[in-house]
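Asker: coords below, sequence missing:
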C-alpha cells in the first residue's frame with residue numbers, strides 16, 4: 001500500500017474511561033454552556049474535523065425561532081456534541097452499575113459517535129426543509145404555480161427522483177458514508193468483522209479504533225482502555241521507532257460491523273434496504289435484521305440516542321435543556337440529572353409490539369436467551385423510589401409538551417417558517433447546486449434545492465446560507481424570491497390572524513361536533529371555505545385570494561400523541577434493585593407504573609389540536625378580512641351542528657340507599673331531602689349527581705391541573 005499524500009497524524013492518545021483525570025496527556029476539551037467541559041478524544045476529533053460535521057455549524061437548531069426568541073441562535077453542531085456527551089455519560093453510568101451487561105469500550109464509542117452524527121443529515125432551517133417545504137413542493141408541482149408564479153415541472157425532468165418518505169434521518173445515513181469516504185474509508189458489507197475498506201487517502205483503516213491494554217496488575221490496579229488513531233507513517237515505521245511499538249493485533253479496530261451499528265443507532269433499529277427510505281421500510285411486512293449488535297442482551301444500546309420504546313432518550317434530553325436555557329432563561333438540569341443518574345437496564349414488556357421492530361422480527365434472526373421472553377426486551381428502566389422517579393419522568397414529558405407549545409410551534413416562528421418555505425420554493429426551479437451522481441460518482445449533476453439530498457456533494461453545500469446566495473444572485477427569475485426575502489429581512493413576516501383550539505377531554509374524541517367537522521376538513525378545504533365567506537362580503541377591496549391564506553392543523557403532544565407516554569416507560573421496584581448485578585438473562589422485570597398512583601399529576605389530555613390561519617399579504621385590511629372570514633366559517637359550523645358539547649354516554653344508574661348525612665345534596669337549597677315532589681327529569685339529574693362523582697373526585701385529586 002502506498003503512503004497517502006495526506007493523513008490525520010495524531011501521535012498522542014489518552015484514556016477515554018477516565019476523562020476527569022487532568023493528568024491525561026494531551027486531553028482536548030471544549031466548553032459547553034449546558035454540560036460544561038466536554039472532552040474530545042482523537043476518534044471524536046477526527047470525525048469533527050470533517051466538512052460534513054463542520055457543516056452543522058451553518059444550520060440553526062431551531063430554524064427561525066430567533067424571530068421570536070432572540071437568543072435561540074445555537075447550531076446543530078452544539079447539539080450534536082451535547083448528545084454525544086450524554087450518550088457516553090449514560091452508558092458509563094450503566095456500565096459501572098451493571099458490569100455483567102458486558103458493555104465494551106467499542107459499544108460506548110459507537111453509541112457516542114451515533115449521538116455525534118445523528119443530525120448530520122438535516123437540511124437548512126431545521127425541519128423546514130424536510131417538513132413543510134417538501135409538503136408545499138408537492139402542491140406547487142401539482143398546480144403548476146406558486147404564489148402566482150409559474151412552477152414548471154419540466155425543470156425536474158431527467159433528474160434522479162427523491163425516495164418516497166425521505167426524511168433527514170435518511171440523509172444522515174448518506175452523510176455518514178460520505179464522511180467515511182472523505183477519510184478514505186468505506187463500509188465493507190462482505191467483510192463485516194474486518195477493518196473498514198481503504199479506498200483513498202486519509203486515516204489508515206487498520207488503526208482507526210480503540211487500543212485495549214491488559215486488565216490490570218497484580219494489585220488489581222486496572223489500566224484504562226485508550227482510543228488511538230495512528231497515521232500510516234507511524235504504522236509503517238514501528239520497527240524504526242524508539243517508542244514502545246503498538247502491535248496491530250493490540251488495536252481494537254472499528255470494523256464495518258461497528259459502523260453499521262453506528263448507523264443503526266441513528267435510526268433506532270435495522271437499516272432500510274438500499275434505495276428505500278426509513279419510513280417506507282417501517283411500513284413493510286418484511287423487517288430486516290440488525291447487524292451491528294445481534295445479541296439480544298445488547299438491544300438496549302439501540303435506544304440510547306433514539307428510544308423507540310418510550311421516547312425518553314439523550315437526544316431529547318439535550319435539546320430540551322438547551323432550548324429552555326436559550327429561549328426561556330431556564331437554569332439547571334431539572335429532572336434530567338435524576339433520569340441520567342438512575343438509569344439502569346432490566347427486562348421490560350414492550351408497550352407497542354405492533355410498531356416495535358424487535359417484536360416484529362422473527363426470533364431466529366436474534367440470538368435469544370434460553371427462556372426466550374416473548375414480548376420482553378432488555379431496556380433502559382428506572383427505579384421506583386417512593387414515586388419520585390415517576391415525577392421526574394412526567395416532568396420530562398410535560399417539558400417536551402411545553403417547549404413544543406411555547407417555542408417550536410409559536411405562531412410567529414411558524415409564520416416565519418412558511419415565509420422561508422415560500423422563498424425556497426420560488427427559487428427551487430432556478431437555483432442549482434453541483435454534485436456528482438451517487439451511482440457512478442463521476443457524472444456531474446446540477447440539482448435544485450429540493451433534490452440536493454440525492455448527492456452528498458450537493459447536500460454538503462446546502463446550509464442556512466442558501467438565503468444569502470439567493471439575495472446575492474443576479475438571476476432575473478429569482479427576483480420574486482429576492483423580493484420576499486427582503487420582506488423577511490425587514491421582519492415583515494406573515495401573520496397568524498386566527499386560531500381555534502379543538503376541545504377534547506381525553507385527547508381522542510373531540511367534544512364538539514362542529515369542531516370535529518372543522519378538524520376533519522383538509523387544510524386546503526378550510527382555505528377555500530374562508531374564500532367563499534369572503535365572496536359573500538360586501539367589501540371587495542379587501543377580499544383575499546387563495547394565495548393569501550395559509551391553514552395549519554397543529555397537533556402537539558407529550559410524546560405518544562393522545563396516549564400517556566409514561567405507560568411505555570418501565571420502573572423497577574425497590575426490592576429488585578439488588579438483582580441488577582446478575583447476568584443479563586437473570587435480570588429482574590421492570591413494570592408499568594399504574595396510572596391510579598399518579599392520577600392527580602396527569603394532564604386532562606395528552607394531545608392538543610389547533611387550527612390556525614395565517615395571512616401572507618402584508619395589507620392590514622386583508623389580514624383583518626381573512627380573520628373575519630375564518631370566524632364566520634366557525635360560526636356557520638356552530639349553527640349547522642349546534643354549539644352544545646357532545647353528549648357523553650351516560651353511566652348505568654344504580655339506586656342505593658343513601659343516608660341523609662351521606663347525601664351530596666346536604667347543602668342543597670331544599671330543606672328536606674325528599675325528591676318525591678320533583679319531576680322525573682330532576683330526580684334523574686340528582687341520581688346522576690349521586691352516581692357520577694367523577695368531577696368531584698377529579699377536582700379533589702387535582703387532575704384538572706393542566707401542564
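Answerer: Noted; the coordinates are in hand. The structure displayed is predicted, hence computed values, not measured ones.

Asker: can you give me the neighbour number for residue 509?
Answerer: For residue 509, the count of nearby residues is 11 (other C-beta atoms under 10 Å). Glycine gets a C-beta too; all of them are placed from N, C-alpha and C.

Asker: hey, which helix or strand in the chain has the poorest pLDDT?
Answerer: strand 14-15 (a mean of 31; mean pLDDT, DSSP states H and E).

Asker: quick check: mean pLDDT of the helix or strand following it?
Answerer: Sequence-wise, the next helix or strand beyond strand 14-15 is strand 28-32, with elements assigned using DSSP states H and E. The average pLDDT within strand 28-32 is 89.

Asker: what's next to strand 28-32, contact-wise?
Answerer: Contacts to strand 28-32, defined as C-beta atoms under 8 Å, 6 or more residues apart in numbering, come from residues 37, 38, 39, 40, 45, 78, 81, 82, 85.

Asker: redo that, cut-off 7 Å
Answerer: 37, 38, 39, 40, 45, 78, 81, 82 (C-beta atoms under 7 Å, 6 or more residues apart in numbering).

Asker: now do stretch 457-470
Answerer: Outside stretch 457-470, the residues touching it (C-beta under 7 Å, 6+ apart) are 51-52, 55, 58-60, 123-125, 171, 175, 423, 427, 431, 433-436, 447, 449, 452-453, 478, 481-482, 485.

Asker: and that stretch, average pLDDT?
Answerer: What stretch 457-470 shows for mean pLDDT is 96.

Asker: list the buried ones in that stretch?
Answerer: Buried positions in stretch 457-470, judged by neighbour count with 16 or more other C-beta atoms under 10 Å: 457, 458, 459, 460, 461, 462, 463, 464, 466, 467, 469, 470.

Asker: which ones among the contacts of strand 28-32 map onto helices?
Answerer: Mapping these onto helices (DSSP state H) picks out 45, 78, 81, 82.

Asker: the second one: neighbouring residues, count only.
Answerer: Here the count is done by other C-beta under 10 Å, and residue 78 has 20 residues near it.

Asker: how much space between it and residue 527?
Answerer: Distance, residue 78 to residue 527, using C-beta to C-beta, to the nearest Å: 38 Å.

Asker: cool, and the third one?
Answerer: For residue 81, the distance to residue 527 equals 42 Å [C-beta to C-beta].

Asker: can you give me the helices for the stretch 201-350 of the chain?
Answerer: Along the stretch 201-350 of the chain, the stretches classed as helices by DSSP state H, counting those that start in this stretch are 232-236, 256-267, 278-283, 314-328, 335-342.

Asker: hey, which of those is tucked in deepest?
Answerer: helix 256-267 (a mean of 24; mean count of other C-beta atoms under 10 Å).

Asker: which residues does it contact?
Answerer: By C-beta under 7 Å, 6+ apart, the list of residues contacting helix 256-267 reads 106, 110-111, 113-114, 117-118, 169, 172-173, 176, 180, 187-189, 191-194, 196, 270-271, 278, 290-293, 301-302, 305.

Asker: same question, stretch 620-627
Answerer: By C-beta under 7 Å, 6+ apart, stretch 620-627 touches 495, 497-498, 530, 534, 542-544, 548-549, 613, 615, 617.

Asker: stretch 579-597 now?
Answerer: Taking C-beta under 7 Å, 6+ apart as the rule, stretch 579-597 contacts 97-98, 100-101, 297, 344-348, 369-371, 378, 381, 384, 387, 390, 564, 566-567, 570-572, 576, 602.

Asker: for that stretch, buried residues please.
Answerer: Quick answer for stretch 579-597 (16+ other C-beta under 10 Å): 580, 584, 587, 588, 589, 590, 591, 593.

Asker: just the buried positions in stretch 424-434, please.
Answerer: Those buried within stretch 424-434 under the rule 16+ other C-beta under 10 Å are 424, 425, 426, 427, 428, 429, 430, 431, 432, 433.

Asker: and for stretch 131-148?
Answerer: Buried, per 16+ other C-beta under 10 Å, within stretch 131-148: 131, 132, 133, 134, 136, 137, 140, 141, 146.

Asker: wait, what's in contact with the second one?
Answerer: Spelled out, that is residue 132. Residue 132 sits next to 417, 418, 421 when contact means C-beta under 7 Å, 6+ apart.

Asker: swap in the third one?
Answerer: The neighbours of residue 133, taking C-beta under 7 Å, 6+ apart as the test, are 421, 424.

Asker: hang on, it in a helix?
Answerer: Yes: counting by DSSP: H, G, I helix; E, B strand; the rest coil, residue 133 is part of a helix.

Asker: gap between it and residue 423?
Answerer: 10 Å.

Asker: what of the fourth one?
Answerer: When distance is defined by C-beta to C-beta, residue 134 is 15 Å away from residue 423.

Asker: now do the strands in the stretch 401-550 of the chain.
Answerer: Ranges of strands within the stretch 401-550 of the chain are 432-436, 444-448, 495-502, 549-557, based on DSSP state E, counting those that start in this stretch.

Asker: with residue 322 as the reference, name the closest of those strands.
Answerer: The minimum distance between residue 322 and the strands of the stretch 401-550 of the chain falls on strand 549-557, with 19.0 Å, by C-beta to C-beta.

Asker: start to end distance for stretch 305-313?
Answerer: 6 Å (C-alpha to C-alpha, to the nearest Å).

Asker: model confidence score at the closest residue to residue 272 other than its chain neighbours, please.
Answerer: Nearest non-adjacent residue to residue 272, counting by C-beta to C-beta, 6 or more residues apart in numbering: residue 281, 3.6 Å away. On the pLDDT scale, residue 281 is placed at 90.

Asker: just to revisit the earlier point, just the buried subset of the contacts of helix 256-267, please.
Answerer: Buried among those by 16+ other C-beta under 10 Å: 106, 110-111, 113-114, 117-118, 169, 172-173, 176, 180, 187-188, 196, 270-271, 278, 290-293, 301-302, 305.

Asker: which ones among those map onto strands?
Answerer: Using DSSP state E, no member of those sits in strands.

Asker: report how many residues lie close to residue 545.
Answerer: 12.

Asker: over to the one 10 residues further on?
Answerer: Residue neighbour count, defined by other C-beta under 10 Å, stands at 15 for residue 555.

Asker: swap in residue 618?
Answerer: 12.

Asker: with residue 153 instead?
Answerer: By other C-beta under 10 Å, neighbour count at residue 153 equals 11.

Asker: identify the residue nearest it in space, chain neighbours excluded?
Answerer: residue 141 (5.0 Å).

Asker: helix or strand for that neighbour, just tell me which one.
Answerer: Assigned by DSSP H and E, residue 141 falls in helix 132-143.

Asker: picking up where we left off before, just among the ones in helices among the contacts of strand 28-32, which is most surrounded?
Answerer: residue 82 (25 neighbours).

Asker: could you check how far that residue is from residue 55?
Answerer: Using C-beta to C-beta, we find residue 82 at a distance of 17 Å from residue 55.

Asker: try residue 125
Answerer: According to C-beta to C-beta, residue 125 stands 14 Å off from residue 55.

Asker: of those two, who's got more company?
Answerer: residue 125 (26 against 20).

Asker: fine, thanks again, bye for now.
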